[in-house]
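Peer 1: coords below, sequence missing:
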């Protein structure tokens, strides 16, 4: 039953281990996608402005009064998070980095007023995967971002556009501007095109392991966990989602037996958060039962949280491939 203090929650607003290394210098724009190099150039200029903002004066407005931030708009796996993390690494503190869900959980844990107080002195607030599928959370974040922007905090956010929207030529920018209302004019939108690199040249989801094989590989993997799907699902319901990161932080690999399609939206949304925390930390996943691409039911994938579930599926399949590769390496050793 992990416990996380308010100070730990704030200090934890940094890029996850998977994105500790990215820098502008390590981003490799696809030559076929001009928007990627344009976004890189624009964000490098933004970093310079945040680090050395224009001075206030009688005839010059502060940077915060004319622009609140940048919005990186594009599909899954085109490098938006790499660029967002690079921006965070490029500017001096104080600064914060988290997913949309992490910030809503932060407000839930600390309260709105305390969250604003603790973040209002920051130079930069980076929000990965700005979500528009929950009106209540969107209004909460709009209010939070508005107050932080008024305090002079520069905002940077990424989208979570569905793959089947990529041909529409506008991604999620119109939805984002409509939902954030008064803040929209203070954001500059940077569009980033490209295919999902996480699935480029990769096979389909690995077949589930047998229960016996799963137990065997878990037993010979130091620092790994082994839980039944039903027990882990029940455990998540007893924890605040802001503690899921601490729950898995020391796991070398996660093994889950008896995976089944999730029974309801509440359980599914908790699994989305858990998958994000596993993905952030590059923790391999191995499982028995049904294939992990069946974790979310067809009804869920047609519903209002479709974006969350597709992103989570993309991420957990990437983790199962990593688990499969590490198992192959162990067998070779």
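Peer 2: Alright, I've got the coordinates. Not measured: the values here are computed from a predicted model. Residues are numbered from 1 along each chain as shown.

Peer 1: where in this structure is pLDDT low?
Peer 2: Scanning the chain for pLDDT under 70 picks out 54-67, 76-77, 132-134, 160-184, 195-204, 323-333.

Peer 1: For the spatially closest residue to residue 128 that is not a sequence neighbour, give me its contacts.
Peer 2: Using Cβ to Cβ, 6 or more residues apart in numbering and skipping residues adjacent in sequence, the residue nearest residue 128 is residue 99, 4.8 Å away. Using the backbone N, CA and C atoms, a C-beta is placed for each residue, glycine as well. Applying Cβ atoms under 8 Å, 6 or more residues apart in numbering to residue 99 gives the contacts 127-129, 276.

Peer 1: Including distance to residue 313, neighbour count and secondary structure, could those residues go into CSV?
Peer 2: Shown next, in CSV, are these (distance: Cβ to Cβ, whole Å; neighbours: other Cβ atoms under 10 Å; DSSP: H, G, I helix; E, B strand; the rest coil):
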residue, distance to residue 313, neighbour count, secondary structure
127, 22, 24, strand
128, 18, 27, strand
129, 14, 21, coil
276, 12, 24, helix
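
Peer 1: Which single one of those is nearest to residue 242?
Peer 2: Among these, residue 276 lies closest to residue 242 (Cβ to Cβ), at 12.1 Å.

Peer 1: re the thing from before, relative to residue 234, which of the contacts of residue 99 is nearest.
Peer 2: Set against residue 234, the nearest of those by Cβ to Cβ is residue 276 (19.7 Å).

Peer 1: Excluding sequence neighbours, find me the nearest residue to the closest one.
Peer 2: Spatial nearest neighbour of residue 276, excluding adjacent residues (Cβ to Cβ, 6+ apart): residue 99 at 6.4 Å.

Peer 1: Need the distance between the two termini of stretch 226-245.
Peer 2: Start-to-end span of stretch 226-245 (Cα to Cα, to the nearest Å) is 17 Å.

Peer 1: So which bits of it are buried?
Peer 2: Using 16 or more other Cβ atoms under 10 Å as the test for burial, stretch 226-245 gives 226, 229, 232-233, 236, 239, 241-245.

Peer 1: neighbouring contacts of it?
Peer 2: Contacts of stretch 226-245 (Cβ under 8 Å, 6+ apart): 1-4, 9, 12, 101-102, 105-106, 108-109, 214-215, 218, 247, 254-260, 262, 266-267, 270-271, 273-274, 277, 280-281, 287, 289.

Peer 1: All the helices of this protein, residue numbers only.
Peer 2: Applying DSSP state H to the chain gives helices spanning 6-11, 34-51, 63-66, 80-90, 100-110, 112-119, 135-150, 173-179, 211-219, 229-237, 244-248, 265-280, 298-301, 306-332.

Peer 1: Residue 25 is nearest to which of these?
Peer 2: With distances scored as Cβ to Cβ, the stretch of the helices of the chain nearest to residue 25 is helix 80-90 (8.3 Å).

Peer 1: Give me the distance from the closest one to the chain's centre.
Peer 2: Distance of helix 80-90 from the chain centroid (Cα atoms, centre = their mean, to the nearest Å) equals 12 Å.

Peer 1: swap in stretch 123-131?
Peer 2: On the basis of Cα atoms, centre = their mean, stretch 123-131 sits 9 Å off its chain's mean C-alpha point.

Peer 1: how much space is there between the residue lying closest to residue 44 once chain neighbours are set aside and residue 131?
Peer 2: In space, and not counting its chain neighbours, residue 44 is closest to residue 24: 5.5 Å by Cβ to Cβ, 6+ apart. Distance, residue 24 to residue 131, using Cβ to Cβ, to the nearest Å: 26 Å.

Peer 1: neighbour-wise, which of these two wins?
Peer 2: Neighbour totals were compared for residue 24 and residue 131, and residue 131 leads with 21 against 16 (other Cβ atoms under 10 Å).

Peer 1: Surely the more buried one touches residue 157?
Peer 2: No. When contacts are counted by Cβ atoms under 8 Å, residue 131 is not listed as touching residue 157 (10.2 Å).

Peer 1: Give me the common contacts of the two.
Peer 2: Taking Cβ under 8 Å, 6+ apart as the contact criterion, the common neighbours of residue 131 and residue 157 are residue 100.
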